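Trainee: Kindly generate the corresponding structure for this input.
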Amino acid sequence: TVWWRLSQIYKKGLIYKGYTIQPYSPKAGTGLSSHELNQPGTYQDVTDTTVTAMFKAKKETLPAFLSEMEGEIFFIAWTTTPWTLPSNTALTVGPKIEYVTVKTYNQYTFEPITVVVAKDLAEKQFDKKFQK
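Mentor: Down below sits the predicted model:
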């Protein structure tokens with residue numbers, strides 16, 4: 001009876017296939033219900049590892065105003081999942097995000113470079129010691 005009712009609900013278009021983020025407990029090795037998530041003490045503030053990675057741009061793929069700039073150009077991106085960086089094959093930019101270029105120095109080679117960063121994060125990333 002349950003399967004028949006489920007099929008009827010599906011035929012009426014009231015069920016659809018989709019994807020959601022499933023809260024997961026690594027300790028228990030299971031998914032978590034909304035009831036479990038709302039129990040006291042479930043959420044705790046923790047300090048987690050984060051990384052800001054530099055991605056070297058290929059000049060031939062850049063828009064004209066960027067490809068004409070002197071020196072190397074890098075995009076920087078912040079991530080809370082640094083273990084995924086070795087498998088990254090692309091970096092995406094948001095169409096509704098305003099970006100700025102910042103002239104700075106490569107922290108390893110000390111060569112001058114240009115960095116592309118979200119305008120709202122530039123001051124935070126460069127600690128107000130930069131020129132847009």
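
Trainee: now the helices for this structure?
Mentor: Secondary structure of the chain (DSSP state H): helices at 2-11, 34-37, 64-67, 119-126.

Trainee: Need the winner for burial among those.
Mentor: helix 119-126 (a mean of 14; mean count of other Cβ atoms under 10 Å). C-betas here are computed from N, CA, C, even on glycine.

Trainee: Residues in contact with that one: which ones?
Mentor: 52, 76, 78, 97-100, 102, 104, 117, 130, 132 (Cβ atoms under 8 Å, 6 or more residues apart in numbering).

Trainee: out of those residues, who's nearest K11?
Mentor: Set against K11, the nearest of the contacts of helix 119-126 by Cβ to Cβ is I97 (42.1 Å).

Trainee: neighbours around the closest one, how many?
Mentor: Counted with other Cβ atoms under 10 Å, the neighbours of I97 add up to 10.

Trainee: roughly how far apart are it and G31?
Mentor: Distance, I97 to G31, by Cβ to Cβ, to the nearest Å: 32 Å.

Trainee: Could I get the contacting residues of L6?
Mentor: I15.

Trainee: Against L66, how distant is V100?
Mentor: Applying Cβ to Cβ, the value for V100 to L66 is 12 Å.

Trainee: With I9 instead?
Mentor: 52 Å.

Trainee: for T104, what are its contacts?
Mentor: With Cβ under 8 Å, 6+ apart, T104 has these contacts: 112-115, 126, 130.

Trainee: For the chain, which segments are assigned as strands?
Mentor: 24-25, 30-31, 51-56, 72-79, 99-105, 112-118 (DSSP state E).
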